[in-house]
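Visitor: Sequence and predicted model, in that order:
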Amino acid sequence: KSPFKNAAVLSDSYSSEASELADIEWDNLGFGLLPTDYMYMMKCSQGGNFSKGELQRFGNIELNPSAGVLNYGQGLFEGLKAYRKEDGNILLFRPEENALRMRQGAERMCMPAPTVDQFVEAVKETVLANKRWVPPPGKGSLYIRPLLMGSGAVLGLAPAPEYTFLIYVSPVGNYFKEGVAPINLIVEHELHRATPGGTGGVKTIGNYAAVLKAQSAAKAKGYSDVLYLDCVHKKYLEEVSSCNIFVVKGDVISTPAIKGTILPGITRKSIIDVARSQGFQVEERFVPVDELLDADEVFCTGTAVVVSPVGSITYKGKRVSYGVDGFGAVAQQLYSVLTRLQMGLIDDKMDWTVEL
Ligand code: COI
């Protein structure tokens, strides 16, 4: 049974526990699950609305073997981060954007979804309950993983009769083992991540299982990850398994346009706005794979990866390298503005952060 009824009770009775830091080694966090104290659960039936959720101790969940999510992949996830500021307060980054994206995905996957307010309140409660797991400033962030799944039993193919919205969290550092060093990508030209009319534009769980084969093969050859091309022309850049891609040439930054087969990344959207505010021209359009050949810089964006410089891209056996060891100048500038904003180190003129 949940010890908490709401965040107010939580902050009264658990403030001392919540204000301490968990006793772990905070240096060199990677991107792996560290079990934390609480998770959030809220259920609703098909055709109904989510009403009241609650915090529970973090742990395994029970599912009927016939649950829609297990049998037919009726599930979505989200990812967002919380940062601890120097003054101890916690900042969330654009949580309402994740709530909206989950609602769009739920519509595509025939699921009911929490309202934006329910989503954001649930994120806040979960982060406050796990406050001691938010890394100290400069050591990383608390990764927040909301899930929405068909948890009810269903044997014939149909939407599940019951849905569960769940949030768990884990402290994280850099996503790629390279840290902030450039990653090496290989362009996949046989397997595809998404098809027109499919689900590539929503954050459904199956999109991520579908990339594991190419990703495993790429990693076995020493690459960091895979860059996908469109499945119709096999020519235009789409995205990397877990992040969006940007190509820099002079003062122009190009990124594949959102057209149903590309995940509309919240970091992608934020970087576009940051870049424009810094005087860059940003083009959202079809980006032919050939443009990688004479690009000045390439970088990836995502909640998990933040901004990751790309050191090289291999396409049909030919390798193109960019710059030297670290960030290119453009990626560095955008990374620096975005992360300082997310960590509360500069004025949030965009009104993107939510302070807890
Ligand atoms: C994220 O960046 O939050 C994602 O959802 C990507 C995931 C594969 C780690």
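Guide: Looks like it arrived, so ask away.
Visitor: What sits closest to the residue in the chain that the ligand sits nearest to if chain neighbours are left out?
Guide: The minimum distance from the chain to the ligand, using Cβ to the nearest ligand atom, falls at residue 79 (2.3 Å). All C-beta atoms are positioned from the backbone trio N, CA, C, and that covers glycine. Using Cβ to Cβ, 6 or more residues apart in numbering and skipping the chain neighbours, the partner closest in space to residue 79 is residue 303 (4.3 Å).
Visitor: check contacts around the one you found.
Guide: The contact partners of residue 303, by Cβ atoms under 8 Å, 6 or more residues apart in numbering, come to 79, 80, 81, 143, 265, 266, 267.
Visitor: Secondary structure element holding the fourth one?
Guide: This means residue 143. Taking DSSP states H and E as the criterion, residue 143 maps to strand 141-150.
Visitor: how much does whichever helix or strand comes after that strand deviate in direction from strand 141-150?
Guide: As assigned by DSSP H and E, the chain's next helix or strand after strand 141-150 is strand 162-172. Computed by axes from the mean of the first three to the mean of the last three Cα atoms, to 10 degrees, the angle separating strand 162-172 from strand 141-150 equals 160 degrees.
Visitor: so what strands line up beside the helix or strand just after strand 162-172?
Guide: Per DSSP H and E, the first helix or strand lying C-terminal to strand 162-172 is strand 183-188. Next to strand 183-188 in the sheet, as set by DSSP bridges, lie strand 225-229 (parallel), strand 306-315 (parallel).
Visitor: Show the pLDDT at residue 165.
Guide: Per-residue pLDDT puts residue 165 at 98.
Visitor: Please tell me I have it right and it contacts residue 114.
Guide: Yes - the criterion here is Cβ atoms under 8 Å, and residue 165 meets it with residue 114 at 5.3 Å.
Visitor: hang on, residue 71 in a helix?
Guide: Yes - counting by DSSP: H, G, I helix; E, B strand; the rest coil, residue 71 is found in a helix.
Visitor: Pipe the contacts of residue 303 into TSV and attach secondary structure, pLDDT and neighbour count per row.
Guide: Converted to TSV, the contacts of residue 303 look like this (DSSP: H, G, I helix; E, B strand; the rest coil; pLDDT from 0 to 100; neighbours: other Cβ atoms under 10 Å):
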residue	secondary structure	pLDDT	neighbour count
79	coil	98	18
80	strand	98	24
81	strand	98	22
143	strand	98	22
265	coil	98	25
266	helix	98	24
267	helix	98	26
